[in-house]
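Participant: Here is the input, now give the coordinates:
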Amino acid sequence: MLHRSLGISQRVLCCNCRRIDVKAHLSVSASRIEGNTIEDVPIQRSSNEVAAIIGRFLDGTSGKNDWDDFTSIPIHDPDLDAVRRTCRELWLHYPPIQHGHYCSEEGLEILRALVRKLSADDFERILPSDLLASAIRTPAGTELVFPFPQVEKAIQEATAHLIAVLGVEVFRILEAGLGVENYSGYGFDDLQLDWTDYVDRNNQAASQFVAENVHGAGYGYVLTTSSQDEAKAFARLKG
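Facilitator: As a prediction, this is how the structure comes out:
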C-alpha cells in the first residue's frame with residue numbers, strides 16, 4: 001500500500017475497540033437508524049478511504065466524531081454506501097455483550113472482513129494462495145505480515161508483476177498486537193525513471209534489507225508496495 005509511511009517511531013498495533021464510548025458512537029439520530037430520508041448530500045469516498053476509517057475505528061485511533069460522520073453521511077458509490085449502512089446498523093444486528101462495546105465479537109469480525117475486502121491492493125491481488133495463507137494480518141486487517149522466508153518469495157512475486165516494494169518493516173508478534181523491531185531506510189523518489197528500473201532498484205534494496213535482518217519464529221515482515229497505477233493515482237491526489 002502506497003499510503004503507508006515508514007518514518008515511524010516504536011509502536012504497538014492492537015485492536016482497542018473493546019473500550020468504545022458507546023454513547024459517542026451511537027449518537028446517530030433515531031430517524032437515520034430507522035431508515036428515514038437523509039437530507040445530507042452523498043459524498044465521494046474511495047474504497048481505501050472507507051477501509052482506513054473502519055480500520056481506525058477498530059484500532060481505537062479514530063477521532064471523536066469520525067465514526068458518526070462516516071455512518072451518517074451517505075456515499076455516492078452504491079457499493080461503498082452499502083458498507084456504510086452495514087457499519088451503521090451493526091450494533092443492532094450484533095448487539096454488544098459487554099458494557100462499553102460497540103457490538104459483539106461477531107460484529108467486530110464483520111468489520112475486519114470489510115477492511116480486508118476494501119483494502120486489497122494490487123500487490124495482494126497477484127499473490128498466490130500459498131503465500132496469502134502463510135501470512136497473518138495486522139490487527140486492523142489492512143496489511144499482510146509475512147514470516148521468513150516467505151517474505152522473500154513475496155518480494156519475488158512483486159518484482160515479477162512490476163510492483164515496487166517501497167519499504168520493509170520487521171515486527172515482533174505479541175499477544176497485544178505487533179511491535180516494531182526494525183524498518184528499512186532506503187528510498188528512491190525519482191518516479192521519472194522507467195518503471196521497470198524503479199521496481200528493480202526498490203525491490204533489490206528490499207531483498208537486501210530482508211537478507212540483513214533475518215528473524216525466525218515470533219517475527220514477521222510488512223511490505224509497503226505500489227503498482228504503477230497506484231503510484232499515478234497517489235501522485236494525482238497529492239496534486
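
Participant: Could you use CA atoms for every contact and neighbour count after this?
Facilitator: Will do.

Participant: Need the pLDDT of the residue nearest the centre of the chain.
Facilitator: Compute the mean C-alpha point of the chain, and by Cα atoms, centre = their mean the closest residue is Thr142, 2.4 Å away. Model confidence at Thr142, given as pLDDT, is 74.

Participant: for it, phi and psi?
Facilitator: As for Thr142, its main-chain torsions (degrees, to the nearest 10) stand at phi -90, psi -20.

Participant: From what I see, it and Ala113 are in contact.
Facilitator: No: here Thr142 lies out of contact with Ala113, judged by Cα atoms under 8 Å, at a distance of 9.7 Å.

Participant: and the longest strand for the chain?
Facilitator: Counting by DSSP state E, the longest strand found in the chain is strand 164-174.

Participant: mind listing what the helix or strand immediately after that strand in the chain pairs with, with the direction of each?
Facilitator: Where DSSP states H and E defines the elements, the next helix or strand beyond strand 164-174 is strand 177-183. If you go by DSSP bridges, strand 177-183 pairs up with strand 12-13 (antiparallel), strand 164-174 (antiparallel).

Participant: tell me how far the longest one is from the chain's mean position?
Facilitator: Yep, that's strand 164-174 we're talking about. 14 Å (Cα atoms, centre = their mean, to the nearest Å).

Participant: ok, now stretch 194-212?
Facilitator: With Cα atoms, centre = their mean as the basis, stretch 194-212 stands 23 Å off its chain's centre.

Participant: got a list of what the residue nearest to the centre of the chain touches?
Facilitator: Thr142 is in contact with 51-52, 55, 115-116, 119-120, counting by Cα atoms under 8 Å, 6 or more residues apart in numbering.

Participant: Same check on Pro147?
Facilitator: 134-135, 216-217, 219-221.

Participant: So which of the residues you listed wins on neighbours?
Facilitator: Tyr221 (29 neighbours; other Cα atoms under 10 Å).

Participant: Sticking with that one, tell me its helix or strand.
Facilitator: Per DSSP H and E: strand 219-226 holds Tyr221.

Participant: For that strand, give the mean pLDDT please.
Facilitator: pLDDT averaged over strand 219-226 gives 94.

Participant: Just the residues contacting that strand, thanks.
Facilitator: With contacts defined as Cα under 8 Å, 6+ apart, strand 219-226 is touched by 1-2, 4, 122-123, 143-148, 151, 163-173.

Participant: cool, and stretch 123-136?
Facilitator: Against stretch 123-136 from outside (Cα under 8 Å, 6+ apart): 1, 144-147, 150, 153-154, 157-158, 161, 163, 225-227.

Participant: Mark which of these are part of strands, please.
Facilitator: The members of the contacts of stretch 123-136 that map onto strands under DSSP E are 144-145, 225-226.

Participant: Any buried residues in stretch 126-134, and which?
Facilitator: Within stretch 126-134, the residues that count as buried by 16 or more other Cα atoms under 10 Å are 127, 131-132.
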